[in-house]
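In: Return a 3D structure for these sequence lines:
(one chain, ligands or ions: 1)
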Amino acid sequence: MTRAQRRALEAICDTFAPGAVDLGVPDQVLELARLNPSVAERELGALLSLFALRRFARLPRARREAVLLAWCESKYATKRAAFQALRKGALLAFYSHAENQRRIGYPGALGPPANGRAARIQPTPAGDMHCDVCVVGSGAGGGVAAAVLAQSGLDVVVLEAGPAVSEADFVGDELDAYRRFYWGAAAGTTDDGGIGLLTGECLGGTTTLNWTTSFPTPDAVRDEWSGPFVSDEFTHSLDVVAERSGVCTDYNEPSTRDAIMRRGLEALGWHVDAMPRNVRGCDQNGVCGYCGFGCQLGAKQSTLVTWLEDAHAAGARIIVETSAERVVARGGRANGVDAVTRTGKTITVRSQAVIVACGALQTPALLLRSGLANRNIGRHLHLHPVTGVSALFDEDVRPWTGTIQALYSDEHANLDDGYGLKYETGPIHPGVLIGFASWRGADDCAELLGNLPRSSGIGLLARDRGEGEVRLGRGGRLSVRYRLADDDARRIRVGIEGAARILEAAGAKRVYSSHARKLSYEPGAGRREQFLAAVDREGFGAGRCAFFSFHHMGSARVGADPEQSACRWNGETWDLPGLYVMDGSSFPSASGVNPMLTIEAIAHLNASHLAAELR
Ligand SMILES: Cc1cc2nc3c(=O)[nH]c(=O)nc-3n(C[C@H](O)[C@H](O)[C@H](O)COP(=O)(O)OP(=O)(O)OC[C@H]3O[C@@H](n4cnc5c(N)ncnc54)[C@H](O)[C@@H]3O)c2cc1C
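Out: Numbers count the residues shown, from 1 in each chain. Prediction:
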């Protein structure tokens with residue numbers, strides 16, 4: 001980095017958050033950019049050179065703010081994406097410092113757990129080896145498949161790109177968790193920067209970090225998907241995974257966020273119900289709000305503490321910090337996996353069958369790297385786009401506390417032939433607020449963050465009919481293309497109005513959408529209508545309204561026909577016998593509900609069939 005580039009970076013950070021340079025924020029931003037899979041190093045360099053050329057660092061603060069806001073509102077999506085990436089990086093780093101957290105009334109990290117249990121899974125050192133089945137990925141799909149196969153007496157090797165983790169690692173530090181346990185430090189996005197892509201990269205995959213919501217596949221979706229999804233066998237698999245994962249409604253004391261949502265829903269006479277959750281011994285009011293950074297109590301029944309332990313106990317070898325590069329074939333059949341460790345050592349695992357369960361972003365990438373050619377690989381990607389409506393209350397909400405998700409509403413779940421949205425709340429830590437909030441200048445941002453303890457919000461999770469695509473870009477880099485379909489945008493607009501009405505009915509003092517231009521209103525006659533008119537004017541273009549995706553589905557979907565699907569109903573790829581997909585990629589379309597349990601059931605069913613076949 002040249003001195004001019006460095007000065008530009010410092011000035012940018014200082015403009016977003018005065019005082020950032022003294023805290024070392026520019027170096028933190030550089031580290032986050034290095035980890036961010038959606039930003040190439042040379043792109044950041046070119047961006048900083050542009051700012052340096054325009055002598056950005058020499059401008060007075062007000063002019064610097066105006067320049068950044070012009071990028072925020074640019075007609076060019078690339079400029080808006082650059083603004084958002086810099087904004088999120090700088091503010092996330094700034095509010096990771098204890099003194100800034102204290103200033104906004106956020107207590108910060110939990111610290112090490114009192115009784116953090118040491119790891120119960122002893123990883124096997126990486127090296128060349130032989131086995132019956134090599135399972136790539138240890139999340140919802142891979143964890144279950146590994147257990148089913150190992151318990152049936154087969155020799156199983158699990159390859160996991162992320163590190164081994166256990167309760168002792170979960171210190172409840174937001175930025176630290178993103179850096180250590182999330183793919184790309186939780187900063188990955190679609191190519192146009194429009195949707196943040198969140199997924200885990202650690203033992204247990206995203207189930208280690210997720211929010212415990214455990215819906216079975218809805219009957220209507222099963223009917224739509226047909227094939228094995230309407231069978232009694234699939235019902236049995238759903239029951240088995242729910243039982244092993246401890247799905248219940250015994251730990252559903254509403255957080256303040258959920259109590260507010262319920263208050264609003266009840267005032268409107270709208271649907272509200274208890275969220276089924278995969279927990280045993282959850283403390284709800286203690287550390288539960290930090291669950292997305294790993295559960296300190298081991299209460300969350302992720303694959304880490306259930307299926308992977310079962311697999312390990314049954315003799316499966318689990319190799320961590322090792323990424324599968326490609327599936328290798330011999331005699332027209334999958335015959336193993338070439339992989340590379342984080343330290344650069346290459347290994348080969350030979351096997352009779354390979355199961356790919358890397359999640360719906362990385363699974364198609366691995367299949368494409370392995371030379372598979374079926375045209376559906378990577379296509380039909382669904383993201384359940386999530387945006388949020390937040391609100392300021394008079395009461396102390398402390399939205400980072402309480403049961404992570406206790407209630408939901410299906411009031412608008414079926415707006416249009418099975419398509420609609422779910423209303424759910426989630427814990428709001430500073431980085432989460434930064435992710436969804438606008439930046440209209442340093443003072444405005446400081447005020448917004450200062451309001452965190454009295455803020456609450458409702459997420460709207462849309463079942464998307466529109467589709468995106470995963471591709472391999474230049475240098476093998478993951479490229480995710482996704483544009484919100486008009487049809488989906490229309491339903492999201494219904495959700496924004498719905499969430500605003502719920503928050504208003506619950507007594508909100510001010511309601512905000514997640515638009516970059518900061519759209520908000522104080523409830524009063526005609527004000528919501530004006531707000532919604534502004535929402536319509538702004539629309540949902542990339543970088544104009546914040547969206548995140550927590551659920552990735554469908555990018556190597558199963559089906560009856562190679563013209564329409566990438567895999568047979570049993571998960572075997574049409575292209576290469578002996579190579580199976582068992583994860584979120586397998587979905588024929590978006591599930592419309594949080595997908596973990598469906599993924600686990602698919603893996604349970606298809607791994608059971610494979611075990612019978614191989615035995
Ligand atoms: C913050 C958050 C909260 C969520 N909350 C919920 C919830 O409450 N309920 C719900 O149902 N869903 C939730 N989800 C989604 C759910 O957890 C995922 O849909 C599910 O875990 C996906 O399962 P999977 O098997 O497809 O992939 P994952 O569980 O993501 O597992 C994939 C694994 O493969 C590994 N991997 C990737 N590439 C390679 C490679 N080349 N070599 C080796 N390993 C590789 C990854 O590191 C990862 O560990 C949430 C997601 C997020 C991000």
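
In: Please enumerate the helices of the stretch 301-450 of the chain.
Out: Chain-ordered helices for the stretch 301-450 of the chain, with DSSP state H, counting those that start in this stretch as the definition, fall at 307-313, 359-369, 430-436, 442-450.

In: Which neighbouring elements make contact with the longest one?
Out: Just to be clear, that refers to helix 359-369. With contacts taken as 3 or more CB pairs under 8 Å, 6 or more residues apart in numbering; DSSP states H and E, helix 359-369 sits against strand 322-330, strand 353-356, strand 469-472, strand 478-481, strand 579-581. C-beta here means a position set from N, CA and C on the backbone, and glycine is covered the same way.

In: Please identify which of these is closest to the ligand.
Out: Across the helices and strands packed on helix 359-369, the ligand has its closest neighbour in strand 322-330 (3.8 Å, CB to the nearest ligand atom).

In: quick revisit: need the helices and strands packed on helix 359-369 in JSON lines (columns: mean neighbour count).
Out: Formatted as JSON lines, the helices and strands packed on helix 359-369 follow (neighbours: other CB atoms under 10 Å):
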{"stretch": "strand 322-330", "mean neighbour count": "19"}
{"stretch": "strand 353-356", "mean neighbour count": "28"}
{"stretch": "strand 469-472", "mean neighbour count": "18"}
{"stretch": "strand 478-481", "mean neighbour count": "20"}
{"stretch": "strand 579-581", "mean neighbour count": "29"}
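
In: what about those strands, which gets the closest to residue 270?
Out: Nearest of the helices and strands packed on helix 359-369 to residue 270, taken as CB to CB: strand 478-481 at 34.0 Å.

In: The closest one packs against which elements?
Out: Other elements packing on strand 478-481 under the criterion 3+ CB pairs under 8 Å, 6+ apart are helix 359-369, strand 469-472.

In: contacting residues around the first one?
Out: Yep, that's helix 359-369 we're talking about. Here helix 359-369 makes contact (CB atoms under 8 Å, 6 or more residues apart in numbering) with 136-137, 139, 161, 183, 197, 199, 205-206, 324-327, 356-358, 377-378, 381, 470-472, 476, 478, 480, 552-556, 566, 573, 579, 581, 583-585, 587.

In: contacts with the ligand among the residues you listed, please.
Out: 136, 137, 139, 161, 199, 205, 206, 324, 357, 358, 583, 584 (CB under 6 Å from any ligand atom).

In: contacting residues around residue 223?
Out: With CB under 8 Å, 6+ apart, residue 223 has these contacts: residue 230.

In: what secondary structure does it sit in?
Out: helix (DSSP: H, G, I helix; E, B strand; the rest coil).

In: Give me the phi and psi for the residue lying closest to residue 255 once chain neighbours are set aside.
Out: Using CB to CB, 6 or more residues apart in numbering and skipping residues adjacent in sequence, the residue nearest residue 255 is residue 402, 2.4 Å away. The phi/psi pair for residue 402 (degrees, to the nearest 10) reads phi 80, psi 170.

In: From residue 498, how far out is residue 402?
Out: 23 Å (CB to CB, to the nearest Å).

In: give me the residue from the protein nearest the ligand.
Out: For the chain, CB to the nearest ligand atom, closest residue to the ligand: residue 139, 2.0 Å.

In: What's the local residue count around the closest residue to that residue other than its chain neighbours?
Out: Nearest non-adjacent residue to residue 139, counting by CB to CB, 6+ apart: residue 205, 2.0 Å away. Counted by other CB atoms under 10 Å, the residues lying close to residue 205 total 33.

In: residues in contact with residue 205?
Out: With contact set as CB under 8 Å, 6+ apart, residue 205 has these partners: 137, 138, 139, 140, 142, 143, 160, 162, 199, 303, 359.

In: Equivalent analysis for residue 467, please.
Out: Neighbours of residue 467 in contact, by CB under 8 Å, 6+ apart: 379, 380, 381, 382, 482, 485, 554.

In: ok, the fourth one - contacts?
Out: Residue 382 sits next to 464, 467, 468, 551, 552, 553, 554, 587, 589, 590 when contact means CB under 8 Å, 6+ apart.

In: Look up the closest residue to it, ignoring the ones flanking it.
Out: residue 590 (3.8 Å).

In: Isn't residue 585 up against residue 551?
Out: No - here residue 585 lies out of contact with residue 551, judged by CB atoms under 8 Å, at a distance of 11.9 Å.

In: between these two, which one's more packed in?
Out: Remark: of residue 585 and residue 551, residue 585 carries more neighbours, 34 against 27, as counted by other CB under 10 Å.
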